[in-house]
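[1] The sequence isn't on hand, but the structure is:
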RNA sequence: UGCGGGAUAGGGUAAUGGCAGUCCACGGGGCUCAUAUCCCCGAGGUCCAGGUUCGACUCCUGGUCCCGCAACCA
């Protein structure tokens, strides 16, 4: 890796975070993939040798669990999404040079290879650790699938950290009185041999790395404190079936261990580059030049939730295994919908498929997502803003300039007037090219888009100021000059805008009859002469009408409301298909039941707890006193409707604290969705339940 | 609540400690080849409270709000 400005002599790879093959694509995903695609295209425009690769992340517990629920193998479950992604990306102009997945042979073999190297280099050690095990389910319970009592302070704690008490990190096996967080079954410890990666030995290296790293501010700063603090070794194996088998001597995977998903996932970046290289030949693009040579340039575009993996564990692995370190990590912010957090479960999302089905051109969304805010900023999506930006910027500024210029040129000259571009306009184009180059070196796709839009605005200003329509008769030479300039500006716009809106750029390039492939040319093509003759231009971008936006807003609102009411009706509709837990065989004595002090309560006040999805803080009148209780009941119950509701409260449950709010008692509620229990006559608050 | 990131006009985005600028939207006026562009005028802003300073969006202290990760009394 160099720190020379782009273009460098080295070979670049641009990657984006692997989509997890577990659900449909929405605008939140698209933002990162489009940004990385645009960035890669922009690098190409600078003449940088580059490739854009990615792949689906197929492993990990959530896929295993969801596949089991769907009654299919994890492999076919994940593959189905993988294929869907593979089809969808090109529809948005996101064109990977290679798109693989983490379960293919290239990746699994390379992963085992790298792990073996880590072992050979002495970065891996075995350690016997006690792993929590659910004997009834016959299932190991890694990390947060177990909780119990902290051996240091006696507080309730998670398997890996005493989160509520002393805050200590807990090693597997330390926690006392473990139980499964999935089934609630008491867990027992079994001794297992796991493998650890000595990240701690790479601390000095990582400190240097983070100083060299380029990219967005959040990616460069967030890991600092961690890298400069105490680095712990990293357990890289898991007790699971689904994943890359650990490269064991006795036969791979024989001991039932797979690699932690965060080991094989980023290695897909390398594997995918390699697949590309092998397909096109090393003469065209050599993956080893990127990943093992000093002048390979690796640029990761990721979501800001996975910064730590890409700035600590990943460079540690690369360094220890003898690979090139990343030059830049650019972390994108998130997408909100109408100012609220995108939520797939509540259907508050704009789905990739939905957008296309509405018939909008992909370039419009590409433009919106890449230029609405800085890369690391959160960006809000609304159909209103979408319309406004498309109409005023793409239609009004860029589309209108190209259309009026080319139409005028075609009608008056049948194409490009036969004269040279003025020096002033050539200079203005150079200015735009410089802005474009600076944007790329700044990892700012937003500024790439701005460079084009600014030039379009200049074009409108220029043609307006010169009024060629008044000059054709009075000063024909002058008119020719102006229109020649405007046609050249259109050529430049096509070249500059290609990374952001590849198809729009291609159509514009066609309209001016330019030679060559606008996707392949470099920035100097902005000065290339257009065709002497070309036909009448078409509208580049279509305006979005108001009633269209109204309809879209209604659709979205309806859908969100619908999915909320679906959730409400689900528990009753689905009783037949629901897996009901068997009635437990253990009988309890009446005395044991008497130990519970259950009371009728009436909710007095209710307010949501900041930052929690389901929790609500309640004041509950139980006759003798009013209790503050925290309950996770927002799936089914509107916070505003709660006051006045009669509920059943476990009054003598030990106190606990959630999100920093004390909970003094527990409400009884049915099922996963927490359907509240109530009384049907009018027992006053405080009445004992028996 | 722990860790981290962030906050500049209605929406974006700039400003080595030195006149808060710019794009879109908004109000008024003008122009018109074009999918209503351009020009002129106007209204509107540094999250809050302290501090350092001749001078603070910028530096320091405290707070508020938003977001991510973790924790979601089931």
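    Cool, the structure landed. From a predicted model like this one, the values you see are computed outputs, not experimental measurements.
[2] What residue in the stretch 401-550 of chain A comes nearest to RNA strand B?
    Nearest residue of the stretch 401-550 of chain A to RNA strand B (C-beta to the nearest atom of the strand) works out as residue A:539 at 2.7 Å. The C-beta positions use only the backbone N, C-alpha and C, and glycine is treated the same way.
[3] burial count for the closest residue to that residue other than its chain neighbours?
    Of all residues not flanking residue A:539 in the chain, residue A:403 sits nearest, at 6.1 Å (C-beta to C-beta, 6 or more residues apart in numbering). Look at residue A:403: counted by other C-beta atoms under 10 Å, it has 19 neighbours.
[4] List the residues that contact residue A:403.
    By C-beta atoms under 8 Å, 6 or more residues apart in numbering, residue A:403 lies in contact with A:537, A:539-540.
[5] Which secondary structure element is home to it?
    Residue A:403 belongs to helix A:400-413 when elements are defined using DSSP states H and E.
[6] Could you do residue A:629 as well?
    Using DSSP H and E, residue A:629 sits in strand A:626-632.
[7] could you check the distance from whichever residue of the stretch 251-400 of chain A sits closest to RNA strand B over to residue A:381?
    In the stretch 251-400 of chain A, the residue that lies nearest RNA strand B is residue A:396 (2.5 Å; C-beta to the nearest atom of the strand). Distance, residue A:396 to residue A:381, by C-beta to C-beta, to the nearest Å: 20 Å.
[8] The two: which has the busier surroundings?
    Taking other C-beta under 10 Å, residue A:396 and residue A:381 do not tie; residue A:381 has more neighbours (23 against 16).
[9] Return the distance of that one relative to residue A:292.
    With distances taken as C-beta to C-beta, residue A:381 is found 40 Å from residue A:292.
[10] quick one: contacts for residue A:279?
    Residue A:279 neighbours (C-beta under 8 Å, 6+ apart): residue A:98.
[11] Secondary structure element holding it?
    Going by DSSP H and E, residue A:279 is part of helix A:261-280.
[12] Show me which positions of that helix end up buried.
    Buried positions in helix A:261-280, judged by neighbour count with 16 or more other C-beta atoms under 10 Å: A:261-277.
[13] circling back to that earlier point, if you count contacts, what does the helix or strand just after the helix holding residue A:403 end up packed against?
    For helix A:400-413, the following helix or strand on the C-terminal side (DSSP H and E) is helix A:423-441. In terms of contacts (3 or more C-beta pairs under 8 Å, 6 or more residues apart in numbering; DSSP states H and E), helix A:423-441 is packed against helix A:27-45, helix A:445-466, helix A:476-497.
[14] let's see 6 Å
    When contacts are defined as 3 or more C-beta pairs under 6 Å, 6 or more residues apart in numbering; DSSP states H and E, helix A:423-441 packs onto helix A:445-466, helix A:476-497.
[15] okay, residue A:672: pLDDT?
    If you check residue A:672, the pLDDT there is 57.
[16] circling back: can I get the helices and strands packed on helix A:423-441 in CSV with mean pLDDT?
    Converted to CSV, these look like this (pLDDT from 0 to 100):
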stretch, mean pLDDT
helix A:445-466, 92
helix A:476-497, 95
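[17] would you list these in JSON lines and tack on distance to RNA strand B and mean neighbour count?
    Conversion of those to JSON lines gives the following (distance: least, C-beta to the nearest atom of the strand, whole Å; neighbours: other C-beta atoms under 10 Å):
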{"stretch": "helix A:445-466", "distance to RNA strand B": "4", "mean neighbour count": "20"}
{"stretch": "helix A:476-497", "distance to RNA strand B": "9", "mean neighbour count": "24"}
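[18] mind checking which of these is nearest residue A:391?
    helix A:445-466 (13.6 Å; C-beta to C-beta).
[19] Please report how far the residue lying farthest from the centre of chain A lies from residue A:466.
    Going by C-alpha atoms, centre = their mean, the residue of chain A most distant from its centre is residue A:474, 57.8 Å out. For residue A:474, the distance to residue A:466 (C-beta to C-beta) stands at 12 Å.
[20] Name the residues contacting each of these two.
    Counting by C-beta atoms under 6 Å, 6 or more residues apart in numbering, residue A:474 and residue A:466 have no shared contacts at all.
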